[in-house]
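next input, structure requested:
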Amino acid sequence: MSSFMSHFKVIILFIFFHLLNSCIGKGNGFDFSSKYLLIASNGDKRSMEAADYFYHHLLKRKFAHDELMVHRSDERQGQESHVIIYFEVVPDLESDYEIINETGRLALFAKHRSTLRWLSYLLLEKLGQDDRLDIADLPPNYLDFKSRKSNFFMKYREPHLRPNVELDYAGVMCTQSIDGDWGLWGHHLERVFLESIPQESQAEVQGKRTKEQFCFSSTSTFEAISNFVIDGYGHGEKEAKWFMISPNDNNLVCTCSSCIDHGNTTHSATGAVTYLVNKLAHEFPNHYFFTTAYKTSRQAPKEKMATNTGVFVSSIDLPKNPILNKKQQEVFDFSDAVKRWKAKTNAVYVWDYVANFDDYMTPTPVLQRVKAQLSYFSEIGVTGIFLNGSGYDYSPFDDVKTYVFSALMIDETLDVQKLVKQYYQKFYPITGSVLCSYMMDMEAIALQHNVSSDVYVSFRTAMATYFDAEKFMNFYHDLNQLKPLLSGTEKSKIDQLLTALSYTKLQIVYHRSSIENGFLNQIDSNKNTVDMDEDIRRLAKYKEYEGLLKYKEEDGHFSTYLSEWNDIMKSPLKRNHFAHPKVKGMLSGEMYQDARLLTDNMPGFTSDFNQGWLLVGEDLNIDFLTNLKDRKSKGIVMRFLINQKHRMAMPDRVEVFAEGKMILTCTAKDFRFGTTVARLEKKLIIPNGTPIQVRIYKNKVDNKSVIACDEIQLY
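Model (predicted):
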């Protein structure tokens, strides 16, 4: 049925219904409390399916004892006393959806069935607010259902958090999901090759082929992707899919003659990448092909791209403050990148970040920042957004964040606090006020002070910026106090939340550790041990909860984290007799604020360089005072973390001075090596009270090497 005929039929029906309802004498606007509902459509296949969908879900949720009478018909005969809920799919609708709210009828129009499905769930939640329907599982409605013509604020909307990876829930929230919409996503192009990557598809870097990157101009690469598309998804006649053609996450660029001909340089792969994207787009006009503006593909192409292509511009270098300074160079560069890509392709989306990938568990304020930056993205021409969060891994508050992000990407004018409050009131009736208060207080402070919530943040940095340890401890305590009152779903969710947050509690204790504050229980004058049994026992229950396996993106398994704690607890620690270290960079002259890490008596975690390690990219000069109980020391111990990926290497040499005179010098032969740690232990006799100076010279093989040292112990 044509759009014209469809709307003509609607107009005739509405005129007829209007005359009938005028005679009945109802009040203005649709009566959501009516006990008599007629579910109708215009009779075309997709609209009938939308009306049927709503009707069946309404019946399924209706309580047996309720007097609500529901009928499904595209005719009015016999149901003159009913109010009408009308559905119609209109592919050429001027807006994404339209609502007409009049006396006796509520009409819902949308371009796509998926939009009517989203409206259906919001409407069910609204109709069930007077306890006529079982809506316990539905997120709170945030639409007033007044007459309106509306477009979604963002065309592409995906909060990549655990709740949204459930495709049914993504349908409820009207969001996209990489598992439902994409045939190929992210840096996973290797999936298209049935076995190993053939040599012709490997990048040529400095004259040699490497499997670490792809040759995007190769016929072999094109054929592998084409076969992958055809075998898995066909030509898109029944269902269009999206495919991401993106370089691997490194700085390697293919410089074979073909790639150079297509515009590659030693630092930019955009020419060959966009050539391949365009070629695929022309081959499969019903599918969509995207790339990323990130690292080697950051630069916009010179040629116009096909209509069924697009790009995700990474915001990795864009400041993560709620309020951006548009004169700042990073902001200008991002805006310029979007502008340049906008001139070459129709769809420019943003790959944004809403998690601390070094710490999924510790609460981070991101809601107000996303709301504020959404407006900025729209201003510069962005029409879609992928919010990269903890993905398939659990993270605290991921349910409310998914709800709020989804709503804001549809309507950026919605109030964050109101959304958070109504979500917690519905799903957390006992603990909701505590959860809402803590979360919104953190958000308000971050917004007021324009605090950045960066993508990779150590716990020490978080405590120095947006994370208030005292408020967290009070919040954690208050949740624990409410546990005996909980039951059902709320109890299981709070149990999981407290298990996850016990990690953050352990982090607070670890990073505040010292003998002075009582964290280390002194056994005798020389040794100390740790007692954190209760929190470690709680965190050890992580296996009981689905998705709760990691506390960070890379090598962050709780099993490893707990094993590090167990090592600390079972091994008494030697008391360090160095005190008040002052660490100065020899080249920069900078005084490093994390100097206490060298004498806090806490060994660093060998699995995580953010746990207890002082990280410095230059030669160091360290001044110590000594605090010996006996008259003289016996020896000195130092530990250095070895992590090739992050350029953490053993020092070139270490020198020790007493009262300005060198008393010890050590090189590689003096170290004892483990898999991840280099340890230096030497006898050293120093009288009590002697000023000591330690100089550490970084590894000279790599100019960008980093010194990672946890303790310099005098015993």
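
pLDDT on the top helix by length along the chain, on average?
Longest helix in the chain, counting residues (DSSP state H): helix 488-511. For helix 488-511, the mean pLDDT works out to 96.

may I see the buried residues of it?
For helix 488-511, the neighbour count (16 or more other C-beta atoms under 10 Å) marks 490-491, 493-511 as buried. For the C-beta atoms, the positions are set from N, CA and C on the backbone; glycine is no exception.

can you dump the C-alpha coordinates of it into CSV?
Taking C-alpha atoms only, helix 488-511 is exported to CSV below (Å, rounded to 0.1, in the frame of the first residue of the first chain):
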residue,chain,number,x,y,z
GLY,A,488,14.8,-11.4,45.1
THR,A,489,16.5,-9.6,42.1
GLU,A,490,17.6,-6.6,44.2
LYS,A,491,19.4,-8.8,46.6
SER,A,492,21.3,-10.7,43.9
LYS,A,493,22.2,-7.5,42.1
ILE,A,494,23.5,-5.8,45.3
ASP,A,495,25.4,-8.9,46.2
GLN,A,496,27.2,-8.8,42.8
LEU,A,497,27.8,-5.1,43.1
LEU,A,498,29.3,-5.4,46.6
THR,A,499,31.5,-8.3,45.4
ALA,A,500,32.8,-6.1,42.5
LEU,A,501,33.3,-3.1,44.8
SER,A,502,35.3,-5.1,47.3
TYR,A,503,38.0,-4.8,44.7
THR,A,504,37.9,-1.0,45.0
LYS,A,505,37.9,-1.3,48.8
LEU,A,506,41.1,-3.4,48.6
GLN,A,507,42.6,-0.8,46.2
ILE,A,508,42.0,2.0,48.7
VAL,A,509,43.7,0.0,51.5
TYR,A,510,46.6,-1.0,49.2
HIS,A,511,47.3,2.5,47.9
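
where do the strands sit along the stretch 101-250 of the chain?
Secondary structure of the stretch 101-250 of the chain (DSSP state E, counting those that start in this stretch): strands at 105-110, 148-150, 156-160, 182-184, 202-205, 208-214, 242-244.

buried deepest among those strands, which one?
For the strands of the stretch 101-250 of the chain, ranked by mean neighbour count under the definition mean count of other C-beta atoms under 10 Å, the leader is strand 156-160 at a mean of 25.

after the worst-scoring helix or strand of the chain on mean pLDDT, next one along is what?
Within the chain, no helix or strand scores below helix 3-24, which has a mean of 44 by mean pLDDT, DSSP states H and E. For helix 3-24, the following helix or strand on the C-terminal side (DSSP states H and E) is strand 36-41.

mind listing the strands that following strand pairs with, and their directions?
strand 69-72 (parallel), strand 83-89 (parallel) (DSSP bridges).

can you pull up the most central residue in the protein?
residue 389 (1.2 Å; C-alpha atoms, centre = their mean).

which elements pack onto the longest helix of the chain?
Helices and strands touching helix 488-511, by 3 or more C-beta pairs under 8 Å, 6 or more residues apart in numbering; DSSP states H and E, are helix 416-427, helix 459-464, helix 469-482, helix 533-539, helix 558-570.

closest one to residue 267 among the ones you listed?
helix 459-464 (30.0 Å; C-beta to C-beta).

dump the closest one to PDB, keeping only the CA atoms.
The C-alpha coordinates for helix 459-464 follow below in PDB (Å, rounded to 0.1, in the frame of the first residue of the first chain):
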ATOM      1  CA  PHE A 459      43.900   4.100  40.900                       C
ATOM      2  CA  ARG A 460      46.300   6.600  42.300                       C
ATOM      3  CA  THR A 461      45.300   9.200  39.600                       C
ATOM      4  CA  ALA A 462      41.600   8.400  40.200                       C
ATOM      5  CA  MET A 463      42.000   9.200  43.900                       C
ATOM      6  CA  ALA A 464      43.700  12.400  43.000                       C
END
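
tell me the buried residues in it?
So for helix 459-464, counting by 16+ other C-beta under 10 Å, buried means 459-463.

please apply the same query to stretch 471-489.
472, 475-476, 479, 482, 486.

about what we covered before: quick one: the longest helix of the chain to chain centroid distance?
Here helix 488-511 is found 19 Å from its chain centre; the criterion is C-alpha atoms, centre = their mean, to the nearest Å.

tilt between it and helix 469-482?
Helix 488-511 and helix 469-482 are oriented at 150 degrees to each other (axes from the mean of the first three to the mean of the last three C-alpha atoms, to 10 degrees).

from here on, call the first residue 12.
Sure, I'll start numbering at 12, so the last one becomes helix 499-522.

quick check: angle from helix 499-522 to helix 427-438?
Using the same axes, to 10 degrees: helix 499-522 against helix 427-438 is 120 degrees.

how does the chain divide into domains?
14-161, 167-459, 494-581, 587-725 (automatic domain parsing).

since we're on residue 423, how many residues are nearby?
Neighbourhood size, residue 423 [other C-beta atoms under 10 Å]: 16.

mind listing what it touches?
164, 382, 385-386, 389 (C-beta atoms under 8 Å, 6 or more residues apart in numbering).

how far away is residue 82 from residue 637?
88 Å (C-beta to C-beta, to the nearest Å).

which one of the two is surrounded by more residues?
Between residue 82 and residue 637, residue 637 has the larger neighbour count (other C-beta under 10 Å), namely 19 against 13.

separation between that one and residue 98?
80 Å.

cool, and residue 572?
51 Å.

the two - which one has more neighbours?
residue 98 (27 against 24).

which ones are touching that one?
Residue 98 sits next to 50-52, 58, 61-62, 65, 119, 127 when contact means C-beta under 8 Å, 6+ apart.

specify the beta-bridge partners of it.
residue 52, residue 119.

separation between it and residue 54?
Taking C-beta to C-beta, one finds residue 98 at 11 Å from residue 54.

equivalent analysis for residue 414, please.
From residue 414 to residue 54 the distance is 35 Å (C-beta to C-beta).

cool, residue 617 as well?
68 Å.

with neighbour numbers in mind, choose between those two.
residue 617 (21 against 14).

quick check: the closest residue to that one other than its chain neighbours vs residue 715, distance?
In space, and not counting its chain neighbours, residue 617 is closest to residue 687: 4.6 Å by C-beta to C-beta, 6 or more residues apart in numbering. Separation of residue 687 from residue 715 (C-beta to C-beta) stands at 19 Å.

neighbour count winner among the two?
Between residue 687 and residue 715, counted using other C-beta under 10 Å, the more crowded position is residue 687 (14 against 9).

got a list of what residue 617 touches?
Contacts of residue 617 by C-beta under 8 Å, 6+ apart are 575, 652, 685, 687-688.

that older thread, distance of the residue nearest to residue 617 from residue 665?
Taking C-beta to C-beta, one finds residue 687 at 19 Å from residue 665.

given the helix or strand harbouring residue 651, what are its sheet partners and their directions?
Assessed by DSSP H and E, residue 651 sits inside strand 646-652. Sheet pairing for strand 646-652, assigned by DSSP bridges, gives strand 688-694 (antiparallel), strand 718-725 (antiparallel).

figure out how far it is from the centre of its chain.
The answer for strand 646-652 is 37 Å, by C-alpha atoms, centre = their mean.

got the contact list for it?
585, 614-615, 617, 620, 624, 659, 661-662, 665, 667, 675, 682, 687-695, 718-726.

among those, which ones are buried?
Here, 16+ other C-beta under 10 Å leaves 585, 614-615, 617, 620, 624, 659, 661-662, 665, 667, 675, 682, 688-689, 691-692, 695, 718-726 buried among the contacts of strand 646-652.

could the strands paired with strand 646-652 go into JSON lines alongside mean pLDDT and distance to residue 594?
Below are those laid out as JSON lines (pLDDT from 0 to 100; distance: least, C-beta to C-beta, whole Å):
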{"stretch": "strand 688-694", "mean pLDDT": "95", "distance to residue 594": "17"}
{"stretch": "strand 718-725", "mean pLDDT": "94", "distance to residue 594": "10"}
